[in-house]
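sharing a model prediction with you, sequence too.
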Amino acid sequence: QVQLAESGGGLVQAGGSLRLSCVASGRTVSILNRGWFRQAPGKEREFVARMNWNGATEYAESVRGRFTISGDNDKKMTFLQMNSLKPEDTAVYYCAHSADRFAASRGVAYHYWGQGTQVTVSS
């Protein structure tokens, strides 16, 4: 089992930056993909970014060039640096980990989820 806890959310003006952190505990050696997802009010959860076991990254088109995912080699810490934030980035952001090699951007393939952290971007 893996437990995840996010932090770093908050209220920021459009154009500002935030850095989200995710702390993992438990059997992190089994993790092959680490990702970030978000859910805005009234919308479905959507993929934001992920990092695989080799360090390769993937981003949603809506955040590419503005967000950066990173993490340590022990898979205990995962970060999401968010720059040039827009009001449409407002959502609850979730850290998620998967032991599935082929999880990619599919939320259903992620086994472990944090409780979420609220990000609000004002215009």
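Sure, I can see it.

in space, what's closest to Ser105 - neighbours in sequence excluded?
Of all residues not flanking Ser105 in the chain, Phe47 sits nearest, at 3.9 Å (CB to CB, 6 or more residues apart in numbering). All C-beta spots, glycine's among them, are computed from the backbone N, C-alpha and C.

who touches the one you found in this structure?
Gly35, Phe37, Ala60, Ser105, Arg106, Gly107 (CB atoms under 8 Å, 6 or more residues apart in numbering).

please, which helix or strand holds Arg19?
Using DSSP states H and E, Arg19 sits in strand 18-26.

name the strands paired with that strand and say parallel or antiparallel.
Here strand 18-26 has these sheet partners by DSSP bridges: strand 2-7 (antiparallel), strand 77-82 (antiparallel).

which stretches of the chain form strands?
2-7, 10-13, 18-26, 33-39, 46-52, 57-59, 67-71, 77-82, 91-98, 112-113, 117-122 (DSSP state E).

now those in JSON lines, with mean pLDDT?
As requested, the strands of the chain are exported to JSON lines (pLDDT from 0 to 100):
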{"stretch": "strand 2-7", "mean pLDDT": "97"}
{"stretch": "strand 10-13", "mean pLDDT": "98"}
{"stretch": "strand 18-26", "mean pLDDT": "97"}
{"stretch": "strand 33-39", "mean pLDDT": "97"}
{"stretch": "strand 46-52", "mean pLDDT": "97"}
{"stretch": "strand 57-59", "mean pLDDT": "97"}
{"stretch": "strand 67-71", "mean pLDDT": "97"}
{"stretch": "strand 77-82", "mean pLDDT": "98"}
{"stretch": "strand 91-98", "mean pLDDT": "98"}
{"stretch": "strand 112-113", "mean pLDDT": "98"}
{"stretch": "strand 117-122", "mean pLDDT": "98"}
